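J.: got a predicted structure plus its sequence, pasted below:
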Amino acid sequence: MTSPDLATLHAALRTVPDFPTPGILFRDITPILGHPALLDTAIRLLAAPFAGRGITKVAAMEARGFVLGAALARELGAGFIPIRKKGKLPYDTHVACYSLEYGSDALEIHTDACAPGARVLIHDDVIATGGTALAALQLVQSAGGTVVGYSFLIELAAMGGRAALEAGGYPVNSVLAL
Ligand code: AMP
């Protein structure tokens, strides 16, 4: 059997209007996660641009970023760093505030998440404005890691997140640009 292509991945994505608030077009990745061949394709396409780049950790954001982020870490032979909402991590943390397409919040990372010399790929399911990803950058750097790049399954191109991240000199890869 041949692997599903990008168009099949795109077709499987579900867009839910007015969730979680009116006016938001929510990009729901659960149909991709639930389909073995699509899940495999998504992970391979996320990993390919960063293979051989010496990534030692994938840092991903709670909660949807955890799903593909952990699989991506496994695919790249790297470890996984959870970046969580404030108050969820049990050990000492660094904190960063960020704004969302729909609201604002704070994220945390364990202070010992990055060993000296850690080369970190930041992953999330969706990039919109880039605020969450910039908070993750701040957290990884606070923990002593070097950010190698960013990896997203979906880029909401009109929201301008890519430019915000590339302005810092970081490569940004998205599998699906909408
Ligand atoms: P931002 O910080 O604006 O780049 O927003 C990205 C974060 O918000 C990611 O963690 C996404 O999971 C979530 N997010 C923002 N907009 C959407 C959307 N339209 N559909 C699904 N998730 C979204």
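T.: Happy to help now that I have it. Numbering: from 1, shown residues only.

J.: nearest residue to the middle of the chain?
T.: Of all residues in the chain, the one closest to the mean position by CA atoms, centre = their mean is Asp124, 1.5 Å from it.

J.: quick one: that residue from the ligand, how far?
T.: Distance from Asp124 to the ligand, counting by CB to the nearest ligand atom, to the nearest Å: 5 Å. All C-beta spots, glycine's among them, are computed from the backbone N, C-alpha and C.

J.: quick one: the strands in this protein, in order.
T.: 14-17, 25-28, 57-61, 79-85, 93-100, 103-110, 119-127, 146-155, 172-177 (DSSP state E).

J.: format those as a markdown table; extra columns: mean pLDDT.
T.: Converted to a markdown table, the strands of the chain look like this (pLDDT from 0 to 100):
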| stretch | mean pLDDT |
| --- | --- |
| strand 14-17 | 98 |
| strand 25-28 | 97 |
| strand 57-61 | 98 |
| strand 79-85 | 98 |
| strand 93-100 | 88 |
| strand 103-110 | 90 |
| strand 119-127 | 98 |
| strand 146-155 | 98 |
| strand 172-177 | 98 |
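
J.: His35: which of the ones you listed is closest?
T.: Evaluated over the strands of the chain, closeness to His35 peaks at strand 14-17, with 11.8 Å, by CB to CB.

J.: show me what contacts the residue nearest to the centre of the chain?
T.: Ala60, Met61, Arg64, Gly65, Gly69, Thr132, Ala133, Ala136, Phe152 (CB atoms under 8 Å, 6 or more residues apart in numbering).

J.: residues contacting the spatially closest residue to the fifth one that is not a sequence neighbour?
T.: Residue nearest to Gly69 in three dimensions, not counting chain neighbours: Ala60, with 2.7 Å by CB to CB, 6 or more residues apart in numbering. Ala60 is in contact with Phe66, Leu68, Gly69, Ala70, Leu72, Phe80, Ile81, Pro82, Ile83, Ile122, His123, Asp124, counting by CB under 8 Å, 6+ apart.
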